[in-house]
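**Q** Here is my input; please provide its structure:
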Amino acid sequence: MANKHVIKLTNNSAVVKIYNNNGAGATVYVSLATDLLRAGESFNASTADVHLTQIFWACKQNKDVVVQRVAPDTTLHGDYYLNGSGHFKFSGFRDSTYPNYDFRVTFGGEGTVILCLAKEGGYVV
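**A** The predicted structure is shown next:
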């Protein structure tokens, strides 16, 4: 089973935990328009601007996970190929590549990914 939980959500940041405990793998999407939307907020896709600030991951032995951004035409961009366990903290910068695209997290087996995001635009209270 694969799932996601928004474990922090403010007007300018979000932390999303995505996990899979199916040995066959799974794909989970994180939608900028729905998953990162707080109660009372509206979303404007034309001004959406969500940056990746940190990634934490842990994969079961010999498994991997890929984090990508999904364009409206479904092409994939900004790939992170991850295996084992680790942490990227973008110090002094943020990954702002394709900031208006949703995230796609594809597991090759069991694993967990935590995405720390900065909501720079597109969300209006």
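
**Q** Tyr123 is in contact with Glu41, correct?
**A** Yes: the pair Glu41 and Tyr123 qualifies as a contact (Cβ atoms under 8 Å) at a distance of 5.1 Å. Quick note: C-beta positions are derived from backbone N, CA and C, even for glycine.

**Q** more crowded one of these two?
**A** The residue with more neighbours, out of Glu41 and Tyr123, is Tyr123; 23 against 14, by other Cβ atoms under 10 Å.

**Q** okay, how far is it across stretch 79-91, tip to tip?
**A** Taking Cα to Cα, to the nearest Å, the first and last residues of stretch 79-91 lie 19 Å apart.

**Q** sorry, back to before: shared neighbours, Glu41 and Tyr123?
**A** Common neighbours of Glu41 and Tyr123 (criterion: Cβ atoms under 8 Å, 6 or more residues apart in numbering): Asn11.

**Q** For Trp119, which residues are in contact?
**A** Just so we're on the same page, residue 119 is Lys rather than Trp. Listed by Cβ under 8 Å, 6+ apart, the contact set of Lys119 reads Thr10, Asn11, Asn12, Ser13, Ala14, Leu36, Asp49, Val50.

**Q** Start from the N-terminal end of the protein and give the helices.
**A** Under the criterion DSSP state H, the chain contains no helices.

**Q** And the strands in it?
**A** 2-9, 13-20, 26-30, 42-43, 49-59, 64-70, 76-83, 85-89, 102-107, 111-121, 123-124 (DSSP state E).

**Q** From the contact counts, what lies against the last one?
**A** Going back to what we said before, that points to strand 123-124. Strand 123-124 sits against strand 42-43, with contacts defined as 3 or more Cβ pairs under 8 Å, 6 or more residues apart in numbering; DSSP states H and E.
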